[in-house]
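K.L.:
Fold the stuff below for me.
(chains A and B)
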Amino acid sequence: MNVLLAVLWKDLLTEWRSRDRVVSMLLFSLLVVVVFHFALPDDAPETTRAVAPGLLWAAYVFAALLGMNRAFAIELENEALSGLALAPADRGWIFLGKALANWLLLLVVEAITAGAFALGFDLPLGPVALPLASVLALGSAGLAAMGTLFAAVAVRTSYREVMLPLLLVPVLVPVLLGAVRATAALLASGALPLGPLRLLAVTDAVFLIGSFVLFEFVLEE
Amino acid sequence: MLANDRRAVSGARSASGWLLVASLLAYGAVVATAPIDAVQGPIQKILYLHVPCAFAAYLGFAATALLGALYLWRGEASLDRAAAAAAEVGVVFCTLVLLTGPIWARGTWGRWWSWDPRLTVTLLLWFVYLAYLLLRGFTEGSERAARFAAVYGIVGLLAVPLNYFAIDLFGGRAIHPENLARGSLGAGMGLPFGLGVGTALLAFLHLWLRRVEVAELEAEAAAAAHARAEG
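P.N.:
The predicted structure follows:
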């Protein structure tokens, strides 16, 4: 547990001092919003509302891919990653600390991007802000868990920027489906549907437990 | 792997090769003479290739994850080579599934592709195992590549039921034929289908043994070259 808190504190502190990951993820996802504006028809608010949840989550995945590669790339300097691996504790806790830091950074970026979506595409997200926050939290948990595990793998390969999306996206489908469906239902009726939430909870649990166990084999001294 | 084990692989490979030849001949004859579907016409016979290949592909991916998990547990490099071979052969069969399916669908559904849950899950599985092979290629050091690949193979298999569950719930309308779930294939279809499954599994076994044998020889050659450089 101490290891978890130490890693989490270290990651948040280095991010607070540089702020490079949050700023670059945020700028990137705002750029994606601008690109989506060109992709959507001008005078069809129904179309915009129908596709907005999918686009929102697409922007989140892009931003996450960008930010999570950095989480381990900075650990390669001065062999810090090997130092982490030598910590006398179960490596699963190191994983959870890293994943928790990624999750928190993602949530910051996602909240601001959702605001930009609401303003830019005239979506009524304000009244459903609280239930939307719970969907973001659940969806990002699965994204952060698998993303952190695969970022630790991708960072040790010779093609790290390409490897992370290739590894992550095919297994992320349950998270994306659940999150997009829940967001769409929120936009349509303002009520949270149980089915997608249950799917998100089950997927999060499987992903978290699986990556907690498998992270042991990803780190090396 | 010991030289004795490799000789055993080699023997099994050649036995499975002869069995495969016999099985292919019988399969060809039975499929050629199987009754023609009254509604779909001859194109229905793709079933005898498509579904058996799918079984072989699923077997390959399950074997990849299982052998990968065994590798993480036991740490024997030959287990990793067997897992990689299963993934390679699995991808070949999965590609055949994804090629034969659309040909049949064009003739029967009228379109090449539909986002039916089973199609989507198989396509994602294909992506997962291509990423698995790319990951091996992009990772330096055989021990590290083996560990990473084993981890990804296990996650890939974990993702299958989750993907299926998710896509079945929200991801598209199911229009894929469900003959096996209904327990009926139709008169005269049982024998070609059964022979098809047997032949595909034999073909999988044979190709997998061949690939394992080559990988073992490569590993022995690398070890010999290493020993010569040292000594």
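
K.L.:
Phi, psi for residue A:122 please.
P.N.:
Main-chain torsions, residue A:122, degrees, to the nearest 10: phi 50, psi 50.

K.L.:
what sits against residue B:207?
P.N.:
With contacts defined as Cβ atoms under 8 Å, 6 or more residues apart in numbering or on different chains, residue B:207 is in contact with B:89, B:92. Using the backbone N, CA and C atoms, a C-beta is placed for each residue, glycine as well.

K.L.:
For chain B, what lies in contact range of chain A?
P.N.:
Where chain B comes near chain A, counting by Cβ under 8 Å from any Cβ of the partner chain, the residues are B:72, B:124, B:127-128, B:131, B:134-135, B:138-140, B:144, B:147-148, B:150-152, B:154-156, B:158-159, B:162-163, B:165-167, B:169-171.

K.L.:
Please give the number of neighbouring residues around residue B:214.
P.N.:
Neighbour count for residue B:214, taken as other Cβ atoms under 10 Å in any protein chain shown: 12.

K.L.:
returning to what we had before: so among the residues of chain B next to chain A, which ones count as buried?
P.N.:
B:72, B:124, B:127-128, B:131, B:134-135, B:138-139, B:147-148, B:150-152, B:154-156, B:158-159, B:162-163, B:165-167, B:169-171 (16 or more other Cβ atoms under 10 Å in any protein chain shown).

K.L.:
Which of the three states applies to the nearest residue to residue B:48 once chain neighbours are set aside?
P.N.:
The shortest distance from residue B:48 to any non-neighbouring residue, by Cβ to Cβ, 6 or more residues apart in numbering or on different chains, is to residue B:196 (4.2 Å). Of the three states, residue B:196 takes helix under DSSP: H, G, I helix; E, B strand; the rest coil.

K.L.:
check which helix or strand covers the residue nearest to residue A:101 when sequence neighbours are not counted.
P.N.:
Spatial nearest neighbour of residue A:101, chain neighbours left out: residue A:11 (3.6 Å); criterion: Cβ to Cβ, 6+ apart. Element membership for residue A:11, per DSSP states H and E: helix A:2-18.

K.L.:
Could you pull out the buried residues of that helix?
P.N.:
Buried residues in helix A:2-18, counting neighbours by 16+ other Cβ under 10 Å, are found at A:3, A:4, A:7, A:8, A:11, A:15.

K.L.:
do the same with stretch A:30-41
P.N.:
Under 16+ other Cβ under 10 Å, the buried positions of stretch A:30-41 are A:30, A:32, A:33, A:36.

K.L.:
Give me the neighbour count for the residue lying closest to the second one once chain neighbours are set aside.
P.N.:
So the one you mean is residue A:32. Nearest residue to residue A:32, sequence neighbours excluded (Cβ to Cβ, 6+ apart): residue A:59, at 4.3 Å. Neighbourhood size, residue A:59 [other Cβ under 10 Å]: 24.
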